[in-house]
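S.K.: For reference, the sequence and a predicted model appear below.
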Amino acid sequence: MKIKINKCWWRLIFKPKVKHEGDDCFGVCWHRSRRIEVATDVDEKEIMDTIVHEMLHASDRNQKEEWVARTAFDITNALWRLGYRRPRE
C-alpha cells in the first residue's frame, strides 16, 4: 500500500515477521527506499501503534526515539478509544 507522509510517497508493507539488524521487531522505517515494514504477528492495537510509530519516524527522522514512542502510544490510544481499527484485507 502507498501512503503519503510529509509530501513524499512511502510503501507500507505488512509482513508476518520484521527484522532490523538481525533482530525481530514490530516495525522498521527505511528512509532511503521510503519503505515502512510492520509485523503482523502481534495484536491489532500493537500493529496500530507500530504504524503510527514508524510514520512518525518517516515524517521526522531527527526526533528522539523516546518522543516517537511516547507520541505514537498517545495517538494510538486516542484512535483506539475512538474505535479506529485496521480494515481486514
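M.R.: Everything's here; your move.

S.K.: so after the strand ranked longest in the chain, what's the next helix or strand?
M.R.: For the chain, the longest strand by residue count, based on DSSP state E, is strand 8-15. Helices and strands here follow DSSP states H and E; after strand 8-15, the next one along the chain is strand 18-20.

S.K.: helix, strand or coil for the residue nearest the centre of the chain?
M.R.: With distances taken as C-alpha atoms, centre = their mean, the chain has residue 51 as the residue nearest its mean C-alpha position (2.2 Å). For residue 51, the assignment made with DSSP: H, G, I helix; E, B strand; the rest coil gives helix.

S.K.: Was I right to think residue 4 contacts residue 10?
M.R.: Yes: counting by C-beta atoms under 8 Å, residue 4 does reach residue 10; the two are 7.4 Å apart. (Glycine included, C-beta is placed from N, CA and C.)

S.K.: Those two: which has the busier surroundings?
M.R.: residue 10 (22 against 8; other C-beta atoms under 10 Å).

S.K.: so who does the more buried one touch?
M.R.: Residues near residue 10 by C-beta atoms under 8 Å, 6 or more residues apart in numbering: 2, 3, 4, 34, 35, 36, 58.

S.K.: And the helices in this protein?
M.R.: Here the chain has its helices, by DSSP state H, at 44-59, 65-81.

S.K.: Can you tell me which of those is most buried?
M.R.: Stretch with highest mean neighbour count among those: helix 44-59 (a mean of 19; mean count of other C-beta atoms under 10 Å).

S.K.: And that helix, what does it pack against?
M.R.: strand 2-5, strand 8-15, strand 27-30, strand 35-39, helix 65-81 (3 or more C-beta pairs under 8 Å, 6 or more residues apart in numbering; DSSP states H and E).

S.K.: Go again with 6 Å.
M.R.: If you count contacts as 3 or more C-beta pairs under 6 Å, 6 or more residues apart in numbering; DSSP states H and E, helix 44-59 packs onto strand 2-5, strand 27-30, strand 35-39, helix 65-81.

S.K.: No further queries at this time; thank you.
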